[in-house]
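> After the sequence you'll find the predicted model.
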Amino acid sequence: MSDFGEAIGTAVEGGLFAKAVGGSAKSDTPLEKGHFAEGQCLNCGTELLGAHCHECGQKAHLHRTLGAFMHDLLHGALHFEGRTWRTLPKLFFKPGELTRRYIDGERARFVSPMALFLFSIFLMFAIFQFAGISTPTNLGNEQTDEVVAQAREQIGTMQVRRDELAASIESGTLSESELASAERRLTELDEQIEAVAAAQQVPVLRDLIKEQEASGEEVVGGIPVQTDEEGNTTIPLSVDGDTKMNVGTSGVEWIDAALQKWRTNPTLMLYKLQTNFYKFSWLLIPLSIPFVWLLFFWKRRFRAYDHAIFVTYSLSFMSLLILTITLMGLAGAHEAILFFSSVLIPPIHIYKHLRGAYGLSRFSAFWRLLILTVFILVVLTIFLQLLLLIGAL
């Protein structure tokens, strides 16, 4: 069973166990200045023999005071029972030793790689939000006439396509599969129209099309357009018509629908891309493991688990490094320092990580570093494509 599946099973088992013994602790257990006078475990009722219950693992000494609660809060957030202060120095300066010791069974001494990774991602997200570092997400609080005009153009373009789909559905000439596809696309267009209108604070003006068509011009959404022999449409992106976008088709319906979402509201899609990065950053781990495996596939003593620990600790360090460089930039550090920190520290850390975790010679670690650098670019490209796909669906 995988660690992830085992974790789920443990959680379920723990939930059932808690439900079964939840009535064991008595609400009238005596208190002495906010501390329980316990002789038995208050969770399962087992006779206490030490600092922890040997049956369920709960601490023997419990409290119910606000001061003790605040102590637990600070202890949990800043101390992590000492494991954080043992893990972070190793992660920064001796990552290979940390990874190897964790793989070899020293689990209680260090923060688990997945916990550290999730914490670093959460911390990075929180700091970025606090510092105002994000994609352009102002969806229309301060609109100019030109932005409003562009929004109406987009709405008009989508409205034409929506009316064409509605007409084809009402004609009754579509097959069952074509009808289902057209109805789904119609719903998507309605959602896109409403999204653009809400984002730019523009009313959905369905009479816009009729007014422009009455002028006798060939229009799409009230905009003069040009259509080539292959059916591709050229639509101005600005009011003056200088900036244009070629709207073609791929022939694959879901790809065309995704492309249309990026065209109609790129600001919203950028926002979704940013939020999806935090939500799906864990995908970097399964994407990276096969590539690391390729560097050692002929060495049977290194298994997928070893590579998973290596990848997760490495990603944790990179997340914390990005956060540190960002904070240095906000504090006014010189651009040269930021540049060299970004360029030099990652490869040096990966090199040391490879040597220590896998017991490699300098040459073996160096050539694997070069190949792994290429693999990292491949993984990041795949990850970005997945985020674009997830955001568009």
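Nice, thanks for sending it over. Residues are numbered from 1 along each chain as shown.
> Wait, residue 307 touches residue 294, no?
No. Judged on Cβ atoms under 8 Å, residue 307 makes no contact with residue 294 at a distance of 9.8 Å. In this view, the C-beta of every residue, glycine as well, is placed from N, C-alpha and C.
> Neighbour count for the two, which is higher?
Here residue 307 and residue 294 are set side by side on neighbour count (other Cβ atoms under 10 Å), and the busier one is residue 307, at 22 against 13.
> Kindly confirm my reading that that one is in a strand.
No. Note on residue 307: no strand contains this position according to DSSP: H, G, I helix; E, B strand; the rest coil, which reports helix.
> Leaving out the residues flanking it, which one is nearest to it?
For residue 307, ignoring the flanking residues on the chain, the nearest one in space by Cβ to Cβ, 6 or more residues apart in numbering is residue 292 at 4.3 Å.
> who's in contact with that neighbour?
Shown here is residue 292, whose contacts under the criterion Cβ atoms under 8 Å, 6 or more residues apart in numbering are 307, 310-311, 372, 375.
> so for the strand or helix carrying it, what's the average pLDDT?
Under the criterion DSSP states H and E, the helix or strand holding residue 292 is helix 284-294. On average, the pLDDT along helix 284-294 is 95.
> ditto for stretch 51-63
Per-residue pLDDT over stretch 51-63 has a mean of 78.
> for the chain, what's the longest helix?
For the chain, the helix that runs over the most residues, judged by DSSP state H, is helix 362-392.
> Pull out the buried positions in that one.
The neighbour-count criterion (16 or more other Cβ atoms under 10 Å) identifies 365, 368-369, 372, 375-376, 379, 383, 387-388, 391-392 as the buried residues of helix 362-392.
> packing partners for it?
Using 3 or more Cβ pairs under 8 Å, 6 or more residues apart in numbering; DSSP states H and E as the contact criterion, the neighbours of helix 362-392 among helices and strands are helix 253-264, helix 266-279, helix 284-294, helix 335-358.
> Select, out of those helices, the one closest to residue 319.
Ranking the helices and strands packed on helix 362-392 by proximity to residue 319 (Cβ to Cβ) places helix 284-294 first, at 9.8 Å.
> Give the buried residues for the closest one.
284-285, 287-289, 291-293.
> when you compare where it runs with where helix 335-358 runs, what's the angle?
Orientation note: helix 284-294 sits at an angle of 60 degrees relative to helix 335-358 (axes from the mean of the first three to the mean of the last three Cα atoms, to 10 degrees).
> doesn't residue 183 make contact with residue 166?
No. Proximity of residue 166 to residue 183 does not meet the contact threshold set by Cβ under 8 Å, at 9.7 Å.
> ok, now how distant is residue 365 from residue 294?
Taking Cβ to Cβ, to the nearest Å as the measure, residue 365 falls 16 Å from residue 294.
> now residue 114
Here residue 114 is placed at a distance of 23 Å from residue 294 (Cβ to Cβ).
> cool, residue 192 as well?
The separation that residue 192 has from residue 294, given Cβ to Cβ, amounts to 41 Å.
> Can you give me the pLDDT of residue 311?
Per-residue confidence at residue 311 stands at 96 (pLDDT).
> you'd agree it is up against residue 289?
Yes. With contact taken as Cβ under 8 Å, residue 311 and residue 289 are classed as touching, separated by 5.8 Å.
> Leaving out the residues flanking it, which one is nearest to residue 312?
residue 113 (3.6 Å).
> Any idea how many residues pack against that neighbour?
24.
> can you check residue 309 too?
When neighbours are counted by other Cβ under 10 Å, residue 309 registers 19.
> cool, residue 157 as well?
Counted by other Cβ under 10 Å, the residues lying close to residue 157 total 25.
> give me the element it is part of.
According to DSSP H and E, residue 157 maps onto helix 145-171.
> Confirm for me that residue 326 is in contact with residue 128.
Yes. Judged on Cβ under 8 Å, residue 326 makes contact with residue 128 at a distance of 7.3 Å.
> measure the residue nearest to residue 307 to residue 298 for me?
Following Cβ to Cβ, the distance that separates residue 292 from residue 298 is 14 Å.
> Check residue 326 too.
For residue 326, the distance to residue 298 equals 40 Å [Cβ to Cβ].
> of the two, who's got more company?
With other Cβ under 10 Å as the criterion, residue 326 and residue 298 differ in neighbour count, and residue 326 comes out ahead with 16 against 6.
> Alright, I will stop here.
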